[in-house]
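Novice: Predicted model and sequence below, questions to follow.
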Protein chains: 2
Amino acid sequence: MSSPRSTSTKSTKHTDTTDSTDSTDEASRHPVSRRRLVGTAGAAGAAGLLAGGASGAVAAEALRDEAPTPLTSIGANGVPFHGRHQAGITTPLQAAGHFAAFDLAPGAGRAQAAALLKRWSDTARELSEGRAAADATGSARDAGPAGLTVTFGFGRTFFDRTGLADRRPAGLEPLPAFSADALDARRSDGDLWLQIGADDALVAFGALRTLQRRAGDAAVLRWQMSGFNRTPGATDRPRSARNLMGQVDGTNNPKPEDPDFAGHVFVPASGGSPTGGGGEDAPEWLAGGSYAVFRRIRMLLDAWDHLSLERQERVIGRRKSDGAPLSGGEETTPVDMNKQLADGSLAIPGDAHVRVAAPESNGGATMLRRSFSYHDGYLDTRDGPVPDAGLLFVAWQADPLKGFVPVQRKLDRGDGLSRFLRHESSGLFAVPGGAAAGEYVGQRLLEG
Amino acid sequence: MSSPRSTSTKSTKHTDTTDSTDSTDEASRHPVSRRRLVGTAGAAGAAGLLAGGASGAVAAEALRDEAPTPLTSIGANGVPFHGRHQAGITTPLQAAGHFAAFDLAPGAGRAQAAALLKRWSDTARELSEGRAAADATGSARDAGPAGLTVTFGFGRTFFDRTGLADRRPAGLEPLPAFSADALDARRSDGDLWLQIGADDALVAFGALRTLQRRAGDAAVLRWQMSGFNRTPGATDRPRSARNLMGQVDGTNNPKPEDPDFAGHVFVPASGGSPTGGGGEDAPEWLAGGSYAVFRRIRMLLDAWDHLSLERQERVIGRRKSDGAPLSGGEETTPVDMNKQLADGSLAIPGDAHVRVAAPESNGGATMLRRSFSYHDGYLDTRDGPVPDAGLLFVAWQADPLKGFVPVQRKLDRGDGLSRFLRHESSGLFAVPGGAAAGEYVGQRLLEG
């Protein structure tokens, strides 16, 4: 689907931008409170349904431009589109997700990209407020926003094609090649990247279709993948999730209440070098933003499932039942890397995933993983059908060179788990900060 | 993936069977009450969590063979495996679904099939009771049964391969060819058919993987597809669902409270001819069972979305916003086929889907549709990428010749909607009645 492109430096009108209050940060510290528990209400009660604190408020009138539908808790949950950071980074994991990359169409440049980001931002805001009229398919009707988030990112190629190569941040340097990579270029990279998440699959599908249609003539779909997580209410484990290997995933993620959380995940406002990577020399337009590393990681589930439970747990370094480290304790107990068993061997084996991936093994390298599982049917192999399933891995960090890159370098060489994984596609995207009211995502880059 | 097979008439031991009470029927009349709203409870409360009425009770001890996990409403919902009918027919639509067909392995015959159905029934019962130890993958852990159902069916070829051709019911005569069919044989038919549904995607995936692994050497996967519906709690519309065209679907389904509901959907116990179709001459082993017609129906969504709202509504015969018929009223108002507009034209056009599909247009032909939407990414076409998405259509009826066949014959010729649909795969399966306690699904056929 890739095609030759021309670039343009034509600019749309310039607008001053102002950050809104940091509502996303606030909400992320109270993930449970973002799932607003609203009882079923009749038509007359709909207007007042979504009154909430600063973190979760959705304009009540958003729900009145259609015949009001009584909404229940999962459907009524609205995640604010505006904020210092884009939604979908610290938002609690949603049940359904889509990832899509678009390339700017031949002839489209900066002006068309700016108009596209404005259309997409308007659409994302309306959909995340549950405005049924914004859904071009109708599949989202009756359900409310259902926790919908849309997150936009720019790939390395975007900057050439919009004549903004001089503003491309250093953090978008291509990821190094890893020995375990088996990347499909057609399903990797892209000028523009969308992450869509919602707690209802029809809402998520409607958002994907609507955003794709609103791309109009400006951009062409390059690749698209779909994933899933636990349905909210199916478990009360708030933070960790099972992956398709059956392991608890995400335990060691940085927590919003950690003092250095924002420093690990978000690009700071200070500095202001136009092309800096992450950290203090990041460009101003990326302030409050982040870098997303996206990887389609197929799991060799047949091989994995043939391991005994004990061997699976030693590959990971954690108990399967509850995620507790093999060094003892419960899921959230810090891993004791030096703990020895009675025979003098290490409780956490030398090649255990949890050891090789740990920040203390990687000079403090930290990223926020927020992945979806995927299952795209079966692949026919000589050994019969094997599931085409695994993880749509998403990692968020202020600087890829201090997050994904050093960790994956280490995993690539020494991780016992890597024998059961295939990295099949890859993307690295600069994700601007959230749009303030009246602003669109990326405006500070495209009109700055 | 198909391969030559031998057949065997070797039989395993014969067991007398006794129907349990008709708990599924009872529950289906109160769909809302089956979603058991159970508050979060600590470990000590787990034993008493699932006490319920006859229709939804799950043995409380099922949840105690692992460290107890507090369950919330969606996760704790257990659908009984045993009953007069198999679960998954009148069960409220679930958020995640899988369909899979298996062929008996070369050399496997009646004995292997009987052992397989026993293994599968045991697994399905344990998983639907939320027994974490029964889940071979671990992905279902922490979530409870989450409304899991597994439904088993036999394809036409099953009877030859098990030496039971003389017991094949007349209802399994191949479906007629329809002009709009573009069927892929590799994704059609099959000796054995599984329908898996759950309100959590990881629970559904775990069930699929576990059942496939328990197939052992007896059967080989032939095809597998995945689908989805609304998340429970995302809307409070209890009965109808949106499809990917955005239309309300299922409004005209027979209702469990209709006096002739069971007669339309389930094979009656009377009669007892060994090879009868549906109705009164059905074989005794199929009593309480049903016939499932499965079709993968791709929607030409780009063409559909280019229609104006008014044209979409005239193709269907219902308003998109709320599903009300164009002849007036609300969603559940009976369609007035003769209603004329001011200009004398029919309010429901002659080729409107709702007219052509209506029982009154087909000699009373009625089926219970219980479909899932699917979205398998995109197809590359000359016009660019188009969504590979649509409906995994499932219709349940006592006799295909009085349900799907006459309706589809009519739709195939005269339905305005058929221009936007492609039937890409097809299967017809005889679905035995539910297993009584101590019995496995299909035992009355395989050991009768």
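Specialist: Alright, I've got the coordinates.
Novice: helices and strands around whatever helix or strand A:D160 lives in, which ones?
Specialist: In this structure, A:D160 sits in helix A:156-161 according to DSSP states H and E. Packing partners of helix A:156-161 (3 or more Cβ pairs under 8 Å, 6 or more residues apart in numbering or on different chains; DSSP states H and E): strand A:96-104. Glycine gets a C-beta too; all of them are placed from N, C-alpha and C.
Novice: now the next helix-or-strand element following the strand it packs on against strand A:96-104, angle please.
Specialist: Remark: after strand A:96-104, the chain's next helix or strand is helix A:110-128, criterion DSSP H and E. Angle of helix A:110-128 versus strand A:96-104, following axes from the mean of the first three to the mean of the last three Cα atoms, to 10 degrees, is 160 degrees.
Novice: buried set for helix A:110-128?
Specialist: Within helix A:110-128, the residues that count as buried by 16 or more other Cβ atoms under 10 Å in any protein chain shown are A:110-121, A:123-128.
Novice: cool, stretch A:419-438 as well?
Specialist: A:420-421, A:423-436.
Novice: can you list the residues that contact the helix holding A:D160?
Specialist: Applying Cβ atoms under 8 Å, 6 or more residues apart in numbering or on different chains, the contact partners of helix A:156-161 are A:5, A:7, A:103-104, A:108-109, A:113, A:164-165, A:167-168, A:172-174, A:189-192, A:428.
Novice: right, and the helix or strand after it?
Specialist: Using DSSP H and E, the helix or strand that follows helix A:156-161 towards the C-terminus is strand A:192-198.
Novice: need the helices for chain A, in chain order.
Specialist: Taking DSSP state H as the test, the helices found in chain A are A:23-28, A:31-34, A:73-76, A:110-128, A:156-161, A:201-214, A:261-265, A:301-306, A:309-316, A:353-356, A:404-414, A:443-446.
Novice: quick one, which of those helices is nearest to B:R84?
Specialist: The closest approach between B:R84 and any of those, judged by Cβ to Cβ, belongs to helix A:201-214 at 31.6 Å.
Novice: Show me what the closest one is packed against.
Specialist: Counting by 3+ Cβ pairs under 8 Å, 6+ apart, the packing neighbours recorded for helix A:201-214 are strand A:96-104, helix A:110-128, strand A:192-198, strand A:219-228, helix B:301-306, strand B:372-381.
Novice: In PDB, list the C-alpha atoms belonging to the shortest one.
Specialist: Right, helix B:301-306. As requested, C-alpha coordinates have been extracted for helix B:301-306 and formatted as PDB (Å, rounded to 0.1, in the frame of the first residue of the first chain):
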ATOM      1  CA  LEU B 301     -19.100  -1.700   4.200                       C
ATOM      2  CA  ASP B 302     -17.500   0.900   1.900                       C
ATOM      3  CA  ALA B 303     -20.400   0.600  -0.500                       C
ATOM      4  CA  TRP B 304     -22.900   0.500   2.400                       C
ATOM      5  CA  ASP B 305     -21.400   3.600   4.000                       C
ATOM      6  CA  HIS B 306     -21.700   5.500   0.800                       C
END
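Novice: Buried residues in that helix, which are they?
Specialist: Within helix B:301-306, judged by 16+ other Cβ under 10 Å, the buried ones are B:301-302, B:304-305.
Novice: which ones among the buried residues of stretch A:419-438 come in contact with chain B?
Specialist: Intersecting those with the surroundings of chain B, defined as Cβ under 8 Å from any Cβ of the partner chain, gives nothing.
Novice: Now, those residues that are in strands?
Specialist: A:421, A:423-431 (DSSP state E).
Novice: I'd like those residues as a markdown table, with pLDDT appended.
Specialist: Output for those, formatted as a markdown table (pLDDT from 0 to 100):
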| residue | pLDDT |
| --- | --- |
| A:L421 | 96 |
| A:H423 | 97 |
| A:E424 | 98 |
| A:S425 | 98 |
| A:S426 | 98 |
| A:G427 | 98 |
| A:L428 | 98 |
| A:F429 | 98 |
| A:A430 | 98 |
| A:V431 | 98 |
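Novice: any idea how far B:F99 is from whatever residue of the stretch 201-350 of chain A ends up closest to chain B?
Specialist: Relative to chain B, the nearest point of the stretch 201-350 of chain A is A:G246 (2.0 Å; Cβ to the nearest Cβ). Counting by Cβ to Cβ, to the nearest Å, the separation of A:G246 from B:F99 is 23 Å.
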